[in-house]
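Trainee: Structure, please.
(chains A and B)
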Amino acid sequence: MIVAERKPIQEILSMISGLRKILILGCKGCVTVCSAGSEREVMILATIIRMGRKKKDEPIELVERTLVRQCDPEFIDQLSDSIGQFDAVLSMACGVGVNFLADRYPKTIALPAVNTKFYGVAEEQGVWSERCAGCGDCILNLTGGLCPVARCSKGLFNGPCGGSVNGKCEINPDINCVWQLIYDRLKGLNQLDKLDEILPVKDWGVSSHGGPRKIVREDLKI
Amino acid sequence: MVEQKKADINSKSGAIVVVGGGISGIQSALDAANSGFKVYLVEERPSIGGVMAQLDKTFPTNDCSTCMLSPKLIEVSKNPNIEIISYAEIQDVVGSPGDFRVTVRKKARYVDAQKCIGCGICASKCPKKVADEFNQRLGKRKAIYLTFAQAIPPIYTIDRENCLYFKKGRCRACEKFCPNKAIDFEQQDETIEVEAGAVILAPGFETFDARLKGEYGYGRHANVLTSLDYERILSAGGPFSGHIQRPSDGRKPRKIAWIQCVGSRDATVGCEYCSSVCCMYATKQALISRDHDREIETAIFYIDIRAQGKGFDRYYERARSEGGVRYIRSMVSRVVENPQDKTLEITYVGDPGQIRVESFDLVVLSVGLRPSLAAKNLAKRLDIELNEFGFCQTRPLDVVSTSREGIFVSGAFQGPKDIPNTVIQASSAAGAAGALLADVRGTMIKEKVYPKERQVAGQQPRIGVFVCHCGSNIAGVIDVKAVAESARSLPYVVFATDYLFSCSTDSQNEIKKAIEDHELNRIVVASCSPRTHEALFQETLREAGLNRYLFEMANIRDQNSWVHVANGQDATEKAKDLVRMSVARATRLKPLLDMSFEVIPKALVVGGGVAGLTAALALAENGYQTCLVEKSEELGGNTRFIHYTEDGARPAEYMRELIQKVKGDPLITVYTRANILDYSGHVGNFSSTISVDGEKRSVSYGAAIIAMGGEVYKPQEYLYGQDDRVLTQREFEQRLAAGRNELENVKNVVMIQCVGSREEGHPYCSRICCTDAIKNSRKFKELNPAANVYILFRDMRTFGFREVYYKRAREEGIRFIRYEPERKPHVVEENGKLKINIYDQNLGTEIGLEADCLVLSTAIRPYPDSRKLADIFKLPLDQDGFFMEAHLKLRPLDFANAGFFLCGIVHGPKFVDESIAQAKGAVSRACTILSRRQMFIGGALAHVDEARCILCLTCVRTCPYEVPKMAEEKWAIVIDAAACQGCGNCASACPRGAITVDHNTDEQYIAQISALYKLSAVAG
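Mentor: Residues are numbered from 1 along each chain as shown, chains lettered A, B, ... in the order given. Sure, this is the predicted structure:
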């Protein structure tokens, strides 16, 4: 899932300073699962904003709403009747949602309430970590299913580097060296020979280096 | 006394007398009452609670003692099958097992227990101040008193010795001010007789009288205290409200010393045994003192640190390292007071062998545990044998049976012990009594019949408000009539009134009448705390045909009149606010239904060692079918290899008999070469698949006992496995048991303790190895008197009466050499000889020992496949891989998962007699489930709105009981009503608000809060 984290409240308050009527818009997708932008988060954020503004004697009118997703036009368009009444929409979805709001409603200010962090997993309750970088050309078949693009601090393809100490990354001793993990795993799978092959230079053109990406599936188009 | 011949079933009584209301008696009473027996709980003092009520915090969790004990006290007082007879003593017990007649003398309290409502006005008016025994005479109480604030029963008692009226014939202030006319100066002692099938003795202990060790100056030097005195000083409810200060001048002490073994391990005062708990409580007191004030320096003078219990060594190591507690291995010969500033000078031998003098502001004597004179006299009256130290004598391997059949013992009266072991033994004693009376179970208990519940669904709320004066407790500050008046004007309130005491029987009847007369369907009582009184009022509702969840309480006493004494007007306004909030919540209350299901009266026992077999047999004795699952081919476990004990028992022989009994019992099905594959269901109704020799079978059961045992660590160190002369303690015992011949030529034996224990990776004490080394070395010396035995140890942990055998070993010439973990013994083979080099602390030099036989006291470890079993049953393991009980202190036999219990080495290393006691205790706990014909599910439970659930799994990860499960076919989480504990963790964590907990809904809270601000509720 896409993992996000709510922005510090002071940042949000200064973002909306001077605005009088705002829609706080949650999303029932990824950000609900990672407890960043669910209905409950919307309610909590609204309460804090109300209190913050009341303290400054600048009351604000807030409407709370949560869409099934903010990345599909059918859902975003549900706002079309009411969006005109708001000075801004404060989206608690990932950055995709904010973009899509901006795309669909040229006259409405679209603001982000969360920082979109990464594609990751829930390690346990309250802990998430990155697993995929969306690089556009998956090589996990070559690396025992563990991604050096997302999980090696240097994104090395033929690691590890000299900074791998006792299985930990030199960037931070809390980070596992993914190349150590790859090695251990391939050894366990009896596939160490896979490491004999030198991985060629990656084509970053299919990643963000090649500009905004797009998929067109002719077979699905109507 | 002549024992009569065994009574037949017709004359058997389904009642049990428990003597002593400390934690031991409380646990026995609760277990017995909850498994179908009437209990008379007889306590010598005016209230129950015992010494545990006096303690501040408890090791090794630093939990508050009162916070743990209070709920138990309330549970006892609420249990309809427990009758508390406090301020009373047992005079005599006649008759035979199953059919005793017990004479009890109830001392006059001079207060009518029926009328006293515990308001405390009498004590506030009483002019006579008396030294307070509960506070170790460091504070004062009145001549009419309650032992402590949370005392159960909450009935005042006049101390005749100090009462001015009894002494001088005038005063009677209490009588004058008592609002309920409860004082009765004419009251006389009363003797009653009760019938009981069994008696459990749990009279507890008293602390050693430190004045007998004159050299420490207790009673002469103001700043020398006993450890129990110091508990009261630490306690927030104590004489100094939890501020650590010196009795001499009230100053904060900078340096505090503890002296261990005062009245323990000391033949000069007739206490050769170890009191088992003092090392740990001193460590706790030192840690807590430093929690109070980081500047306090602490030092503990000791002989050996005995941290043999679960989690104790970690606690001790923490105290030593981060806790900053200084441990000094030296006994102190005297404490000298500086007459000017009352500081105390201690002279001791420090490392390396130098005499040092150090002064302290406060000295705490870690006093040992002794049986009380009253308990010894009781034993004499009942013809119960005592041991040489005056503790109750029990049979080897059976620590709950006294010399008199049908009379059981538990707790510190049987021997010094900590709280978890006391609780284990208490359950065990209840289990033993229950097994004796299994055929009359349920014959003496009450089952209350309630009228049919009135349907209120769809009705408009009709609320009744009852405001309580609580004597002058509330009415002295708050204008109660004005509060009732304002309640009358609130929406949906159709009736409001005030009572002097809402909890009195006549008020209860009036409430019931008001419910009928005014067709009330919601009740609000504004009075004291729901903690003590909610259940009482809910009971009244049920008796009046209302669902008990239609009740709401406003606490206008503890949270209002008591804290705003000086400001009656504002307090009255606050009371109106609180009542308005409760009324608003009451409008949203819904009746909740409890649904019943049949309990499967069968048990599952996992493990065929001594704990499992004992448990299976005890279950069968209690009349329950039991399925025992053992993974190996043979029953018997480790106990097969334990041939004798230090105190003369023969476990291996006992085991052979036990196996025969289990195999011959028609109620027990034994599966060997069997494994549990899965489990489903909930407490009272479980089922599992078992693979027996590869073949699958299914079993259903109401409760399960986990007793899969543990194993002896196979050492890697000290040339074990490389040299035949290096043995484990168990292997050495096999050779000793085989007879003298095998070891005839062995002239020098060296034993090394703590092999694989108390070290990195395994930082726990294996509890039994010190005693095993003593036992085996003495046996060896007996066979080869000329041989030499050296025991290399870190701390000798022969706790309790085992200390006596340690002393004998020293007298018999067995040599003890202490080593530090930083300088472990070094074992080498030189020219065919086995040499052990060790640094001798006393000589200050390395010495070499030659051994014909090196015996390693190896650790006890959990089985590696414990994890698998834990995963199947979803049970937790601790850091060391042993199973984790529900609470280290008070629930040592239960898992947090209802219906699962544990015993034996799965819980942690222990002796055979301890495993047996724990097994019987676990059975006693299981009987509280199996003895019920039906159980109820329902009440305040969590519900998932499946339409809103998006399977984010937050609830699955948050629930402490692992109840929420994924139902993929529904694409939603489901919560099993029978398993849900109603804690609400899931509901507060659910990011979509898809979970609600009955009786704690958002709607109800929003209504309540909105009422406070006089908003219209916007509940979603």
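Trainee: hey, let's count contacts and neighbours off CA atoms from now on
Mentor: Fine.
Trainee: Near residue B:268, how many other residues are there?
Mentor: By the measure other Cα atoms under 10 Å in any protein chain shown, the count of residues near residue B:268 is 11.
Trainee: Can you tell me how far it is from residue B:626?
Mentor: According to Cα to Cα, to the nearest Å, residue B:268 and residue B:626 sit 51 Å apart.
Trainee: Repeat that for residue A:90.
Mentor: Remark: distance between residue A:90 and residue B:626 (Cα to Cα) = 62 Å.
Trainee: do you know how far residue B:838 is from residue B:853?
Mentor: 16 Å.
Trainee: Now for the residue nearest to residue B:152 when sequence neighbours are not counted: which residues touch it?
Mentor: Excluding the flanking residues, the one nearest residue B:152 by Cα to Cα, 6 or more residues apart in numbering or on different chains is residue B:47, at 5.4 Å. By Cα atoms under 8 Å, 6 or more residues apart in numbering or on different chains, the contact set of residue B:47 is B:21, B:86, B:87, B:146, B:147, B:151, B:152, B:153, B:154.
Trainee: Most neighbours out of these, which is it?
Mentor: That'd be residue B:21 among the contacts of residue B:47, by other Cα under 10 Å, with 29 neighbours.
Trainee: what kind of secondary structure is residue B:294 in?
Mentor: coil (DSSP: H, G, I helix; E, B strand; the rest coil).
Trainee: Same question for the one 4 residues further on.
Mentor: In terms of secondary structure, residue B:298 is strand; the call rests on three-state DSSP.
Trainee: That one and residue B:326 touch, don't they?
Mentor: Yes - between residue B:298 and residue B:326 there is a contact under Cα atoms under 8 Å: 6.1 Å.
Trainee: Spell out, range by range, the strands that occur in chain A.
Mentor: For chain A, the strands defined by DSSP state E occupy A:2-6, A:21-27, A:61-67, A:88-91, A:109-112, A:114-124, A:127-132, A:168-169, A:172-176.
Trainee: which stretch among the ones you listed comes nearest chain B?
Mentor: Among the strands of chain A, strand A:114-124 comes nearest to chain B, with 7.4 Å by Cα to the nearest Cα.
Trainee: List the strands paired with the closest one, with their directions.
Mentor: Within its sheet, and counting by DSSP bridges, strand A:114-124 is paired with strand A:2-6 (antiparallel), strand A:127-132 (antiparallel).
Trainee: roughly how far apart are the residue located most distally from the centre of chain B and chain A?
Mentor: Distance from the C-alpha centroid of chain B, by Cα atoms, centre = their mean, peaks at residue B:831 (55.9 Å). As judged by Cα to the nearest Cα, to the nearest Å, residue B:831 and chain A stand 41 Å apart.
Trainee: would you turn the strands paired with strand A:114-124 into JSON lines with mean neighbour count and mean pLDDT?
Mentor: Listed next are the strands paired with strand A:114-124 as JSON lines, based on neighbours: other Cα atoms under 10 Å in any protein chain shown; pLDDT from 0 to 100:
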{"stretch": "strand A:2-6", "mean neighbour count": "21", "mean pLDDT": "97"}
{"stretch": "strand A:127-132", "mean neighbour count": "16", "mean pLDDT": "96"}
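Trainee: Would you tell me which of the ones you listed gets closest to residue A:71?
Mentor: strand A:2-6 (12.2 Å; Cα to Cα).
Trainee: hey, what's residue B:676 bridged with?
Mentor: Under the criterion used (DSSP bridges), residue B:676 bridges to residue B:690.
Trainee: ok, now which ones touch it?
Mentor: Per Cα under 8 Å, 6+ apart, neighbours of residue B:676: B:629, B:688, B:689, B:690, B:691, B:869, B:872.
Trainee: what about burial for those, which qualify?
Mentor: The neighbour-count test (16 or more other Cα atoms under 10 Å in any protein chain shown) marks B:629, B:688, B:689, B:690, B:691, B:869 as buried among the contacts of residue B:676.
Trainee: What strand or helix carries the last one?
Mentor: Pointing back at residue B:869 there. Assigned by DSSP states H and E, residue B:869 belongs to helix B:866-873.
Trainee: from the chain's centre, how far out does whichever helix or strand comes after that helix sit?
Mentor: Moving toward the C-terminus from helix B:866-873, the first helix or strand encountered (DSSP H and E) is strand B:900-902. Its chain's C-alpha centre and that of strand B:900-902 lie 16 Å apart, by Cα atoms, centre = their mean, to the nearest Å.
Trainee: and for strand B:900-902, what are the contacting residues?
Mentor: So strand B:900-902 is contacted by B:683, B:703-707, B:883, B:885, B:893-895, B:919, B:922, B:925-926 (Cα under 8 Å, 6+ apart).
Trainee: thinking again about what came up before, I'd like to know which of the buried ones among the contacts of residue B:676 is nearest to chain A.
Mentor: residue B:869 (22.1 Å).
Trainee: Chain A versus the closest residue in space to the closest one that isn't next to it in sequence, what's the distance?
Mentor: Closest residue to residue B:869 apart from its sequence neighbours, by Cα to Cα, 6+ apart: residue B:676 at 7.5 Å. Remark: distance between residue B:676 and chain A (Cα to the nearest Cα) = 28 Å.
Trainee: now swap in residue B:221 and tell me
Mentor: For residue B:221 relative to chain A (Cα to the nearest Cα), the value is 55 Å.
Trainee: Backbone dihedrals for the residue lying closest to that residue once chain neighbours are set aside, both of them.
Mentor: Distances taken as Cα to Cα, 6+ apart place residue B:337 nearest to residue B:221, at 6.5 Å, with adjacent residues excluded. Note on residue B:337: its backbone torsions stand at phi -90, psi 130 [degrees, to the nearest 10].
Trainee: now do residue B:95
Mentor: phi 110, psi -170.
Trainee: burial count for the residue of chain A found nearest chain B?
Mentor: Proximity of chain A to chain B (Cα to the nearest Cα) peaks at residue A:33, 4.6 Å away. If you count neighbours by other Cα under 10 Å, residue A:33 ends up with 23.
Trainee: Could you do residue B:187 as well?
Mentor: Neighbour tally, residue B:187, other Cα under 10 Å: 13.
Trainee: Good, we can wrap up now.
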